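**Student:** Sequence plus predicted model, see below.
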Amino acid sequence: MLPPVQKRVKQEVADARRLLENDLIVKAEHVEHHQLPEEGLSSDAVMAQLDALDSIKAVAWKEGKISGAVYHGGDDLINLQTESYHKFAVANQLHPNAFPGVRQMEAEVVSMVLGLFNAPSTGCGTTSSGGTESLLLACLAAREKAYAEKGITKPEIVAPKSIHAAVFKAAKYFNMTLRLADLDPKTFTADISHVKRLVTSNTAIILGSAPNFPYGTIDNIPELSKIAVKHNIPLHVDCCLGSFVIAFYEKAMGKKLPFGFDFRVPGVTSISCDTHKYGFAPKGSSIIMYRSPEYRKYQYYITSEWVGGLYGSPTLAGSRPGALTVGAWTTMIFLGQEGYVKNIRSILETSQILRHAIENEIPELDLIGDPLLSVVAFKSDVIDVHVLGDLLTKRHGWHLSSLQQPAALHLAVTKLTGQAILQLVEDLKKCVEECVAAVADNRQAIKSDTAQLYGVAGSLSTRGVVDQLVGVFLDVLYENDKTMQ
Ligand SMILES: *Cc1c(COP(=O)(O)O)cnc(C)c1O
């Protein structure tokens with residue numbers, strides 16, 4: 001970059017930082033601890049401060065106006081989860097002999113989820129801290145297996161473009177090359193022939209999603225399975241988001257999905273499922289499953305050389321919060337199959353209301369693919385959907401997710417969204433009208449930070465600037481004083 005451009009970029013990054021600070025740094029009154037207090041506070045005083053922190057005005061998630069984010073299972077469940085946490089607050093899974101009950105619950109949670117995904121009797125898995133860790137582990141295990149069994153030293157991941165960012169992270173952390181396959185422009189699922197072309201003798205793992213995060217569409221897992229079987233490559237299915245929605249689809253809707261996605265498909269060797277999404281477990285809970293211990297063993301970390309003793313750990317973390325596993329276990333046995341079917345049915349009915357409104361009532365918006373599950377995405381050839389997203393926030397308090405390439409928005413329906421879905425359809429119609437009017441009379445263009453940001457991100461010459469801005473966003477999360485910079 002030339003010096004005058006550098007200067008302008010620096011100025012713009014500083015401006016963006018100010019905007020982000022104003023947006024993100026909202027503090028509770030009379031609560032401020034930059035340093036550890038000299039003396040501890042009384043429990044009443046701590047509770048009063050927690051109340052103040054809890055009452056800061058925020059996005060209206062309780063009204064169901066945010067996409068995804070809070071996978072709330074109802075007040076009774078939250079009370080029970082809180083009590084279960086209390087009982088096992090100090091439990092550490094690193095010490096199974098101190099907490100045998102937690103060991104039992106962890107094994108049972110894994111076993112129950114294996115059952116939901118129709119694992120064979122050799123099926124096995126572990127719990128993890130979330131979908132990202134589950135995907136990291138799947139890629140790590142595949143890399144280790146590829147090295148041990150095929151001598152692959154330059155491992156590659158083949159996945160459709162719509163695969164979750166956690167797989168990009170895995171490629172970076174574990175020094176693997178990510179080969180992204182295009183999406184079929186009609187279905188917005190993996191272009192199978194492109195996947196075939198990307199597979200090489202260095203491919204350590206193929207991934208597909210059921211469904212993916214951006215569009216909620218399901219990759220053709222049986223076709224991916226054929227490729228995986230032919231080349232003897234592990235196939236991971238990311239059901240982090242699909243979670244219990246896809247597992248209970250058939251029971252909730254009384255019909256089958258168009259094709260298989262779980263261990264009944266022969267080439268599927270691992271599946272990740274987030275219990276902290278549609279399993280309604282407390283955040284910090286996901287399951288990574290394998291077809292057999294012959295796959296799982298490669299995710300373990302084992303060393304017999306440490307002076308601290310013989311050491312083995314099944315996942316990325318060392319000490320692990322047993323109470324979260326207890327929360328997942330409690331949730332699952334409280335809801336049972338019946339409870340999940342009921343909840344999942346209402347989530348699916350809600351997402352289909354939005355789907356039908358976009359297909360039939362809002363001609364300016366185009367539904368993306370065939371969203372059968374909880375996520376519904378749409379784009380537009382007529383208006384800028386990022387402007388639409390900002391307008392929905394400004395006028396009506398909605399927070400949908402912004403997607404790029406192509407510009408699109410999505411809603412991940414949760415249990416909380418049900419109460420608000422008809423309102424969303426109405427608000428969408430009004431905001432689309434406003435956008436159309438602004439396009440017709442371009443003097444009246446609507447200002448939109450999101451549209452501007454994605455405009456910058458979409459240009460090759462300025463993409464680096466957006467990376468800087470995302471870094472600034474992360475910096476701001478750890479700022480504790482507006483005047484400190
Ligand atoms: C949410 C999600 C993940 C990652 O989950 P985290 O729990 O946020 O780490 C992975 N894949 C898909 C498809 C997801 O939607």
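**Tutor:** Thanks, I have the structure now. These numbers were taken from a predicted model, which means no experiment stands behind them.
**Student:** doesn't Val376 fall inside a strand?
**Tutor:** Yes. Per DSSP: H, G, I helix; E, B strand; the rest coil, Val376 lies within a strand segment.
**Student:** Quick check: beta-bridge partners of it?
**Tutor:** For Val376, the beta-bridge partners are Leu411 (DSSP bridges).
**Student:** Tell me who's in contact with it.
**Tutor:** 216, 351, 354-355, 358, 367, 410-411, 413 (CB atoms under 8 Å, 6 or more residues apart in numbering). In short, each C-beta sits where N, CA and C put it, glycine included.
**Student:** Redo the residues you listed as CSV? Include pLDDT, secondary structure and neighbour count.
**Tutor:** Formatted as CSV, the contacts of Val376 follow (pLDDT from 0 to 100; DSSP: H, G, I helix; E, B strand; the rest coil; neighbours: other CB atoms under 10 Å):
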residue, pLDDT, secondary structure, neighbour count
Gly216, 97, coil, 29
Ser351, 96, helix, 24
Leu354, 96, helix, 23
Arg355, 97, helix, 20
Ile358, 97, helix, 22
Leu367, 97, strand, 20
His410, 96, strand, 23
Leu411, 95, strand, 29
Val413, 94, coil, 31
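**Student:** secondary structure element for Ile302?
**Tutor:** strand 301-303 (DSSP states H and E).
**Student:** what packs against the helix or strand Cys139 falls within?
**Tutor:** In the assignment (DSSP H and E), Cys139 maps to helix 131-150. Judged by 3 or more CB pairs under 8 Å, 6 or more residues apart in numbering; DSSP states H and E, helix 131-150 is in contact with strand 124-128, helix 165-173, strand 203-209, strand 235-239, strand 268-273, strand 286-290, helix 293-296.
**Student:** quick one: is that helix near the ligand?
**Tutor:** Yes. Counting by CB under 6 Å from any ligand atom, the ligand is contacted by helix 131-150 at 131-132, 135.
**Student:** just to revisit the earlier point, turn the helices and strands packed on helix 131-150 into JSON lines, including mean neighbour count, distance to the ligand and mean pLDDT.
**Tutor:** Formatted as JSON lines, the helices and strands packed on helix 131-150 follow (neighbours: other CB atoms under 10 Å; distance: least, CB to the nearest ligand atom, whole Å; pLDDT from 0 to 100):
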{"stretch": "strand 124-128", "mean neighbour count": "25", "distance to the ligand": "9", "mean pLDDT": "97"}
{"stretch": "helix 165-173", "mean neighbour count": "17", "distance to the ligand": "5", "mean pLDDT": "98"}
{"stretch": "strand 203-209", "mean neighbour count": "28", "distance to the ligand": "5", "mean pLDDT": "98"}
{"stretch": "strand 235-239", "mean neighbour count": "30", "distance to the ligand": "5", "mean pLDDT": "98"}
{"stretch": "strand 268-273", "mean neighbour count": "29", "distance to the ligand": "7", "mean pLDDT": "98"}
{"stretch": "strand 286-290", "mean neighbour count": "29", "distance to the ligand": "6", "mean pLDDT": "98"}
{"stretch": "helix 293-296", "mean neighbour count": "17", "distance to the ligand": "19", "mean pLDDT": "98"}
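**Student:** Distance to Glu156 added to these, as CSV?
**Tutor:** Rendered in CSV, the data for the helices and strands packed on helix 131-150 read as follows (distance: least, CB to CB, whole Å):
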stretch, distance to Glu156
strand 124-128, 23
helix 165-173, 9
strand 203-209, 5
strand 235-239, 14
strand 268-273, 16
strand 286-290, 20
helix 293-296, 18
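**Student:** thinking again about what came up before, for the helix holding Cys139, buried residues please.
**Tutor:** The neighbour-count check on helix 131-150 (16 or more other CB atoms under 10 Å) flags 131-146 as buried.
**Student:** that older thread, mind giving me the packing neighbours of the helix or strand following the strand holding Ile302?
**Tutor:** The helix or strand immediately downstream of strand 301-303 is strand 311-313, counting by DSSP H and E. For strand 311-313, the elements it packs on are strand 301-303, judged by 3+ CB pairs under 8 Å, 6+ apart.
**Student:** counting contacts, what elements does the strand it packs on pack onto?
**Tutor:** Using 3+ CB pairs under 8 Å, 6+ apart: strand 301-303 touches strand 311-313.
**Student:** got a list of contacts for the strand it packs on?
**Tutor:** Residues contacting strand 311-313 (CB under 8 Å, 6+ apart): 94, 300-304.
**Student:** of these, buried ones?
**Tutor:** Buried members of the contacts of strand 311-313, scored by 16+ other CB under 10 Å, are Tyr300.
**Student:** Mind picking the lowest-pLDDT entry from the contacts of strand 311-313?
**Tutor:** In terms of pLDDT, Leu94 ranks lowest among those, with 81.
**Student:** Pro321 is in contact with that one, correct?
**Tutor:** No. The criterion here is CB atoms under 8 Å, and Leu94 misses it with Pro321 at 10.2 Å.
**Student:** How many neighbouring residues does the closest residue to the ligand within the stretch 301-450 of the chain have?
**Tutor:** Closest contact between the stretch 301-450 of the chain and the ligand, by CB to the nearest ligand atom, is at Ala412 (7.6 Å). The local packing of Ala412 (other CB atoms under 10 Å) involves 24 other residues.
**Student:** any idea which element the closest residue to it other than its chain neighbours lies in?
**Tutor:** Closest residue to Ala412 apart from its sequence neighbours, by CB to CB, 6 or more residues apart in numbering: Gly68 at 3.6 Å. Taking DSSP H and E as the definition, one finds Gly68 inside no helix or strand.
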